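Undergrad: sequence-free structure coming up:
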């Protein structure tokens, strides 16, 4: 059984502080015509990354969170760098200067984006499957990375068309069927995310997580980061400076209203249910743990079913 521990007051403040900074980033989208674009990008990337480090260091320890960061940044950077040169696995594209300084054509801030949202996507999947506090062994070693990769890919599905077609943070050189984004991009996101999640799941087989005693207050900020990521996309409907019609690199025209509407629909119908399910699972476990008769009720139910089977033989 993983050890139970208490989370320090300063770390609690750090978690909620970085969450509030991330909320401010989503609100800043409304003032994209008045604020520096790089500032908005930094607020979208740095607070979730700091949150991941603070939260993950409690759950997996400093060494475990360092391993997650190395795998996430390593696989993510490798996939992006490979695609920039060969078009595999995402497609053929290049980055503009919107996301700030680049190293070998890859923005530093983009690499950090993998860490922040990548971590909370892992946590959301962990909670939905009910694996928190349980050893990651057997089928869990494969089920958790698959779901986490889907949760991560849902994020890209909700934001890639807006960031590419409207904000021009990157350019898809051959366009694509999803508002200028090629389908190969989402395949690449799933495969890349699955690989680093799978590697971390294998690491976790012998390294159990340490869930603090205050379960709800520990999991809630991580769930909210992903929820803010989803619901914050509702604000892009009022995004300033977007022309009514945009044209991708292949010369195809797209209506801005259609792009924004589709991103919002993905956020509401695909992303938003995920943190909600995660929270329901946390509440369910908390209530079950506080009910001393719950285990006895389950045992009684099993005994009743066995009795019925014997009677029908």
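TA: Good, I have the coordinates. Here the structure is a predicted model, which is why all the values come from computation and not from measurement.

Undergrad: what is the neighbour count of the closest residue to residue 249 other than its chain neighbours?
TA: Nearest in space to residue 249, with sequence neighbours left out and distances taken as Cβ to Cβ, 6 or more residues apart in numbering, is residue 173 at 5.1 Å. Glycine gets a C-beta too; all of them are placed from N, C-alpha and C. Counted with other Cβ atoms under 10 Å, residues neighbouring residue 173 total 14.

Undergrad: quick check: phi and psi on residue 173?
TA: Recorded main-chain torsions at residue 173 are phi -70, psi -20, according to degrees, to the nearest 10.

Undergrad: mind listing what it touches?
TA: Residues touching residue 173, when contacts are defined by Cβ atoms under 8 Å, 6 or more residues apart in numbering, comprise 92-94, 249.

Undergrad: what subset of those residues is buried?
TA: Among the contacts of residue 173, those classed as buried by 16 or more other Cβ atoms under 10 Å are 92-93, 249.

Undergrad: need these in a markdown table (columns: secondary structure, pLDDT and distance to residue 188).
TA: Supplementary listing: those in a markdown table, determined by DSSP: H, G, I helix; E, B strand; the rest coil; pLDDT from 0 to 100; distance: Cβ to Cβ, whole Å:
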| residue | secondary structure | pLDDT | distance to residue 188 |
| --- | --- | --- | --- |
| 92 | coil | 97 | 12 |
| 93 | strand | 97 | 11 |
| 249 | coil | 95 | 18 |
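
Undergrad: list of residues touching whichever strand or helix holds residue 225?
TA: Secondary structure from DSSP states H and E places residue 225 in helix 215-231. Here helix 215-231 makes contact (Cβ under 8 Å, 6+ apart) with 7, 12, 15-16, 19, 22-23, 26, 48, 51, 55, 58, 116-117, 119-121, 123-124, 127, 132, 151, 155, 158, 211-212, 267-268, 271-272, 274-276, 278-279, 282-283, 285-286, 289.

Undergrad: ditto for stretch 193-208
TA: The set of residues that contact stretch 193-208 without belonging to it, under Cβ under 8 Å, 6+ apart, is 2, 60-61, 64, 67-68, 71-72, 74-76, 118, 121-122, 135-137, 140-142, 144-146, 148-149, 152-153.

Undergrad: could you rerun that using 7 Å?
TA: When contacts are defined by Cβ atoms under 7 Å, 6 or more residues apart in numbering, stretch 193-208 is touched by residues 2, 60, 64, 67-68, 71-72, 75-76, 118, 122, 135-137, 141, 144-146, 148-149, 152-153.

Undergrad: got the buried residues for that stretch?
TA: Of all the residues in stretch 193-208, those buried under the rule 16+ other Cβ under 10 Å are 193-201, 203-204, 208.

Undergrad: over to stretch 12-23?
TA: For stretch 12-23, a neighbour-count test (16+ other Cβ under 10 Å) marks 12, 14-15, 18-19, 21-23 as buried.

Undergrad: do the same with stretch 177-191
TA: Buried, per 16+ other Cβ under 10 Å, within stretch 177-191: 178-182, 184-186, 188-190.

Undergrad: which stretches of the stretch 101-250 of the chain form helices?
TA: Counting by DSSP state H, counting those that start in this stretch, residue ranges of the helices within the stretch 101-250 of the chain are 108-128, 140-161, 183-204, 215-231.

Undergrad: the second one: how far from the chain's middle?
TA: Relative to its chain's centre, helix 140-161 lies at 7 Å (Cα atoms, centre = their mean, to the nearest Å).

Undergrad: between that helix and helix 183-204, how big is the angle?
TA: 150 degrees (axes from the mean of the first three to the mean of the last three Cα atoms, to 10 degrees).

Undergrad: go on, the first one?
TA: For the pair helix 108-128 and helix 183-204, the angle between their directions (the same axes, to 10 degrees) equals 60 degrees.

Undergrad: elements contacting helix 108-128?
TA: helix 37-59, helix 61-86, helix 140-161, helix 215-231, helix 273-290 (3 or more Cβ pairs under 7 Å, 6 or more residues apart in numbering; DSSP states H and E).

Undergrad: these: which one's closest to residue 243?
TA: Go through these one by one with Cβ to Cβ and the one that ends up closest to residue 243 is helix 140-161, at 14.7 Å.

Undergrad: now that closest one: average pLDDT?
TA: The pLDDT scores in helix 140-161 average 97.

Undergrad: what residues sit buried inside that helix?
TA: For helix 140-161, by 16+ other Cβ under 10 Å, it's 140, 144-161.

Undergrad: what's the closest non-adjacent residue to residue 116?
TA: The shortest distance from residue 116 to any residue other than its chain neighbours is 2.6 Å, reached at residue 48 (Cβ to Cβ, 6+ apart).

Undergrad: what residues does stretch 113-125 touch?
TA: Around stretch 113-125, the neighbours that count as contacts under Cβ under 7 Å, 6+ apart are 45, 48-49, 51-52, 56, 68-69, 72-73, 76, 144, 147-148, 151-152, 155, 193, 197, 222-223, 225-226, 229, 274-275, 278.
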